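1. structure for this input, please:
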Amino acid sequence: MRKKYFYFSFLLFILNINLCQASTLVQIGNTSAVLSGVTEGNTSISELKQYGNFGLGTFNNIAGEMIVLDSNVYQIGENGKTILADLKWKTPYAEIIHFSPKLFDHLNTIANYRTLKKIIYVKLNNKNIPYAIYVKGQFPYLKLRSRSPRSALDTKNKIEKTYDLKQINGTLVGYWFPEYLMNLTVPGFHFHFISDDKKQSGHVLDLKIEKANFALKEINKIELQFPQTDIYQKARITAPTLSTYQKIQLYDPD
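-> Residues are numbered from 1 along each chain as shown. Now for the predicted structure:
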C-alpha cells in the first residue's frame, strides 16, 4: 500500500512540475530596455530553445525579428525573407513558452486584424494575466513589417518597411498581455506570421482570414532574465508609454 501511495504521489509531483513548466513564459530582456537602445543580449538561440517551442522576439542589433514555432527559431528578414536562425546568434529580447495546442476554436471569414483581436479578446477568461495564442489557417491578405538593424544605444525612431502577402497558408504566433505589463513587454496583442513553407514571415499589422483554427494558453508565471551585458548596464532604461508603442507600430489601441 505504501508503495502504491508513493508511486501515486510521485506521479502527481511530476505532473505538477510539467504543468508549471508548461504555463511558464521565459522572457529574455524587456521592451523598455530595447526601446532604450539595449540591442545586445548574451542569450544564444541554442540556450533560448531550451525554454520552449513557441514564441517571438528579435536578434542582437535588431537583425530581423524572430518567430519560434515547433521548436524551430526563424529569422524574419527584409521583406519577410525567412531562414532558420544560427544557434550561435544571440537575442536581447525574446518570449518563449512550451505550447502544444490540442483544443481548438474555429474561425470563419474575418475581414481585418481588429475583428480577429475582438473575437479572441472575448475568449480570455482572466484578463489580468497573459496568454499565448496560436492561429493556423488560410490568409487571403496580410500586411506585415520587418525591422531595421540598429546599433546599441540608438533610440532614434526608424521607418520600418512594410509588405503584403496574398492567398497564403500559415500560422500566427503571438501573445496578449494586460496593459499594466507594458513596462516589460508589448501590451495587448502581438503576432508574428510564418507561412507553411517557412519561406515568408513578418510582424502582423493587418490581415484577412478565410478560415482558421486558434488555441489559447494561460500564462501563470513569467521568468524574467536580464541581459548580462555592458550595454544593459550603461543604458538609461525608461518606461515606455502607450503612445510610444503606437508610434513604432507595435501597439494598436483597437
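
2. for the rest of this, base every contact and every neighbour count on C-alpha atoms.
-> Noted.

3. the strand or helix carrying Val204 pairs with which strands, parallel or anti?
-> For Val204, the host element (DSSP states H and E) is strand 201-208. Paired strands of strand 201-208, with direction, are strand 131-145 (antiparallel), strand 188-195 (antiparallel) (DSSP bridges).

4. and these: which comes nearest Lys217?
-> Among the strands paired with strand 201-208, strand 131-145 comes nearest to Lys217, with 5.1 Å by Cα to Cα.

5. mean confidence for the closest one?
-> In this model, strand 131-145 carries a mean pLDDT of 97.

6. what about it, distance to the chain center?
-> Chain-centre distance of strand 131-145: 12 Å, with Cα atoms, centre = their mean, to the nearest Å.

7. what comes up buried for the helix or strand just after it?
-> Counting by DSSP H and E, the element after strand 131-145 in chain order, helix or strand, is strand 162-177. By 16 or more other Cα atoms under 10 Å, the buried positions in strand 162-177 come out as Thr162, Leu165, Ile168, Asn169, Gly170, Thr171, Leu172, Val173, Gly174, Tyr175, Trp176, Phe177.

8. could you work out the most separated pair of the residues you listed?
-> Ile168 and Phe177 (27.4 Å).

9. for stretch 67-78, what is the distance to the chain centroid?
-> 10 Å.

10. equivalent analysis for stretch 119-138, please.
-> Its chain's C-alpha centre and that of stretch 119-138 lie 13 Å apart, by Cα atoms, centre = their mean.

11. could I have the CA atoms of it written out in PDB?
-> Coordinates of the C-alpha atoms in stretch 119-138 are reproduced here as PDB (Å, rounded to 0.1, in the frame of the first residue of the first chain):
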ATOM      1  CA  ILE A 119     -13.000  37.800 -31.200                       C
ATOM      2  CA  ILE A 120     -10.000  36.400 -29.300                       C
ATOM      3  CA  TYR A 121     -10.300  39.000 -26.500                       C
ATOM      4  CA  VAL A 122     -13.800  37.700 -25.600                       C
ATOM      5  CA  LYS A 123     -12.300  34.300 -25.200                       C
ATOM      6  CA  LEU A 124      -9.800  35.400 -22.500                       C
ATOM      7  CA  ASN A 125     -11.400  34.200 -19.200                       C
ATOM      8  CA  ASN A 126      -9.000  36.100 -17.000                       C
ATOM      9  CA  LYS A 127      -8.000  39.500 -18.500                       C
ATOM     10  CA  ASN A 128      -5.400  40.100 -15.700                       C
ATOM     11  CA  ILE A 129      -3.000  37.500 -16.900                       C
ATOM     12  CA  PRO A 130      -1.100  37.000 -20.200                       C
ATOM     13  CA  TYR A 131      -2.000  34.400 -22.900                       C
ATOM     14  CA  ALA A 132      -0.100  32.600 -25.600                       C
ATOM     15  CA  ILE A 133      -2.100  32.500 -28.800                       C
ATOM     16  CA  TYR A 134      -1.800  30.100 -31.800                       C
ATOM     17  CA  VAL A 135      -3.800  30.700 -35.100                       C
ATOM     18  CA  LYS A 136      -3.400  28.500 -38.100                       C
ATOM     19  CA  GLY A 137      -5.300  28.900 -41.300                       C
ATOM     20  CA  GLN A 138      -5.800  30.500 -44.700                       C
END
